[in-house]
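Student: What shape does this take:
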Amino acid sequence: MTISSRAFRFRRGVITVALTSSAAMALSACGSETVPINTTARKAINRLEQRIEQLERQVGEQIPPPSDRSNKVPTGPISSITLRTGTADDRLRIYWADGTRSDLPCTKEQNTWACG
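Tutor: As a prediction, this is how the structure comes out:
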C-alpha cells in the first residue's frame, strides 16, 4: 500500500465522519423545535378544563351520602382473621381493632378457596 492510497483512505474516513456528524446534528436540531400552541387553541383547552371541573363539582354535589354502612369496610387496622371451613356457612371473618367484624362468604373452586 502506498502513502498516497493511505492518505486517500484517511481523507475519505475523515470526510465520512464529518458528514455523518453534521447530519446527526442537523437531524437532532430539527427534533428539538417545539410548536407553540396558538392562543385560540389555548383558550379552547382552558374552557374545556373549566367545564370538566364544573361537571365534577355537580356530580359530587348530586351523589347522596351512603345510607347503609353495613357493607362498608371499617377504617383502621385488623385485629385478627379467622377462616371457617367444613360447615354450612364457610366464611372468612375479619375482626377489626374498633371491635366490629366483617364476614366474607367463601367457596372452594378447583382446590382453591375464594372469599368475598
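Student: all strands of this structure, in order?
Tutor: For the chain, the strands defined by DSSP state E cover 78-84, 91-96, 101-109, 112-115.
Student: Which one, of those, ends up nearest to residue 56?
Tutor: Proximity to residue 56, assessed across those by Cβ to Cβ, is greatest for strand 101-109 (31.2 Å). Where C-beta positions appear, they are placed from N, C-alpha and C, glycine not excepted.
Student: What lies in contact with the closest one?
Tutor: 73-74, 83, 85, 89-96, 113-116 (Cβ atoms under 8 Å, 6 or more residues apart in numbering).
Student: filter those to the buried ones?
Tutor: Buried members of these, counted by 16 or more other Cβ atoms under 10 Å: 90, 91, 92, 94, 96.
Student: quick one: low-confidence ranges for this protein?
Tutor: For the chain, the stretches with pLDDT under 70 are 1-35, 65-75.
Student: all helices for this protein, in order.
Tutor: 3-31, 39-62 (DSSP state H).
Student: one step back: could I get the buried ones among the contacts of strand 101-109 as CSV with distance to residue 53?
Tutor: Listed next are the buried ones among the contacts of strand 101-109 as CSV, based on distance: Cβ to Cβ, whole Å:
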residue, distance to residue 53
90, 48
91, 44
92, 41
94, 38
96, 37
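Student: Would you enumerate the residues in contact with the closest residue to residue 81 other than its chain neighbours?
Tutor: What sits nearest to residue 81 in space, not counting adjacent residues and going by Cβ to Cβ, 6 or more residues apart in numbering, is residue 94, at 5.4 Å. Counting by Cβ under 8 Å, 6+ apart, residue 94 makes contact with 78, 80, 81, 101, 102, 104.
Student: Scan those residues and report the most crowded one.
Tutor: Neighbour counts for those peak at residue 102, which has 17 neighbours (criterion: other Cβ atoms under 10 Å).
Student: Which strand residues bridge it?
Tutor: Assessed by DSSP bridges, residue 102 has beta-bridge partners residue 94.
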